[in-house]
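K.L.:
What follows is a predicted protein model with its sequence.
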Amino acid sequence: MKCLSKFVEKHKKCKPLYYKGKIEVDLQAFLEKYFVKIAGCKEYILIEQPGKKQKINTIYVGKYQVTQDLYMQIMGCKNPSRFNEQNNLPVEQVSWYDCAEFCNKLSEKYGLDKRYQINGVNININDNAKGFRLPTENEWEYAATSRGFYNDMNDFARNKETDKLEDLGWYNRNSEGRTHPVGQKQPNDLGLYDMSGNVWEWCEDFYDSEGSCRVYRGGRWGNTAGNCRVAYRNYSSPGYRYNILGFRVVLP
């Protein structure tokens, strides 16, 4: 399988911007405000890829997709997003490499080990590092399904009150052709927002054994409901940047 797209760009550093924001100085305060601590399980199996299994350790998962405000604060860059009228919109037009660099810088801010060793488009992953990172595909689906509770292939990131995508996420029937501020729709039962719709979310994994494309999950503002199912898998070159792609982060 080849990962080719007219939107693929070479990895490039952000240009500095005179942007000075403030986030919590204390790591615990940051986690309590923006993350949910999720208990793990012995093994989680992907709904539509049963051969892909993983033990899930207890992790902190971001309540929200990374916002443009947080991205600019950490990266010190101009806003890369197409839809940029509000800073609480999810950041988009970020490549997998951009996300890895963000995770490293966020880890550095809080004195944590960096997960990713970045040399241009060459990435080495330090599995022993305890810093911020992208979720694995299994971790993402485990969190989106409320620890596997809603694991039917047609489920969205639902809660016990509703299974309707209209209540849970932004997609082609309600988005008006754009992203929306994070956290406006109902969360799943774990308190995680926008895991169905708004923007696709990069995961850490390769899509398959060929090891060229990276996975993204969750659907986006222009998709039909079927693509916003928690089981649905998608992929692209890690250099892909477009206004449909964002991310959220986890901390082991």
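P.N.:
All right, it came through fine.

K.L.:
Name the SS class of the nearest residue to residue 200 once chain neighbours are set aside, please.
P.N.:
Closest residue in space to residue 200, ignoring its immediate chain neighbours: residue 216 at 4.3 Å, by CB to CB, 6 or more residues apart in numbering. Placement of C-beta: from N, CA and C, glycine included. Here residue 216 is strand, with the state taken from DSSP: H, G, I helix; E, B strand; the rest coil.

K.L.:
so where do the strands sit in the stretch 151-252 of the chain?
P.N.:
Under the criterion DSSP state E, counting those that start in this stretch, the stretch 151-252 of the chain contains strands at 200-206, 214-217, 233-236, 245-246, 250-251.

K.L.:
Could you report the separation of residue 96 from residue 85?
P.N.:
26 Å (CB to CB, to the nearest Å).

K.L.:
So for the longest helix anywhere in the chain, what gets flagged as buried?
P.N.:
The single longest helix within the chain, with elements called by DSSP state H, is helix 96-109. Under the neighbour-count criterion of 16 or more other CB atoms under 10 Å, helix 96-109 has 96-107, 109 buried.

K.L.:
what do you get for stretch 23-35?
P.N.:
For stretch 23-35, burial by neighbour count (16+ other CB under 10 Å) applies to 30, 31, 34, 35.

K.L.:
Stretch 187-205 too?
P.N.:
Buried residues in stretch 187-205, counted by 16+ other CB under 10 Å: 187-188, 190, 192-205.

K.L.:
Off-centre distance for it?
P.N.:
Chain-centre distance of stretch 187-205: 7 Å, with CA atoms, centre = their mean, to the nearest Å.

K.L.:
And stretch 121-136, by the same measure?
P.N.:
On CA atoms, centre = their mean, the centre of stretch 121-136 falls 14 Å from the chain's centre.

K.L.:
If anything else comes up later, I'll come back, but that's it for now.
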